[in-house]
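A.B. asks: Pasted the sequence and its predicted model underneath.
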Amino acid sequence: TSSENNEIAYARALADSNLDLALVEINTALEDKQNKNYSQFFDTKAWVLYKKGDAEKALRFADAAVKEWY
């Protein structure tokens, strides 16, 4: 499910492991149009991108997570 993909991607980001796969997982979660957790998913994508060394793009997703939350 999209929630499971998000959780796995987030765990990979925290572990700094298989970040390319984590990016695929979170992108798959974000493609699910039935999902209602965009804020959490954007946050996860921000973490994955940050861990991959793309701080600028990560910041855009972190900002999107905050905006979506509020």
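C.D. replies: That came through fine. Residues are numbered from 1 along each chain as shown.

A.B. asks: CA atoms for contacts and neighbours, from now on please.
C.D. replies: Fine.

A.B. asks: Ala58 sits in which helix or strand?
C.D. replies: For Ala58, the host element (DSSP states H and E) is helix 55-69.

A.B. asks: need the contact list for the closest residue to Leu30 other than its chain neighbours.
C.D. replies: Nearest residue to Leu30 in three dimensions, chain neighbours excluded: Phe41, at 6.7 Å (C-alpha to C-alpha, 6 or more residues apart in numbering). For Phe41, the contacting residues are Asn6, Ile26, Ala29, Leu30, Ala65, by C-alpha atoms under 8 Å, 6 or more residues apart in numbering.

A.B. asks: tell me what the helix holding Ala58 is packed against?
C.D. replies: Helix 55-69 sits against helix 38-51, with contacts defined as 3 or more C-alpha pairs under 8 Å, 6 or more residues apart in numbering; DSSP states H and E.

A.B. asks: what's the neighbour count on Lys52?
C.D. replies: Lys52 has 17 neighbouring residues, counting by other C-alpha atoms under 10 Å.
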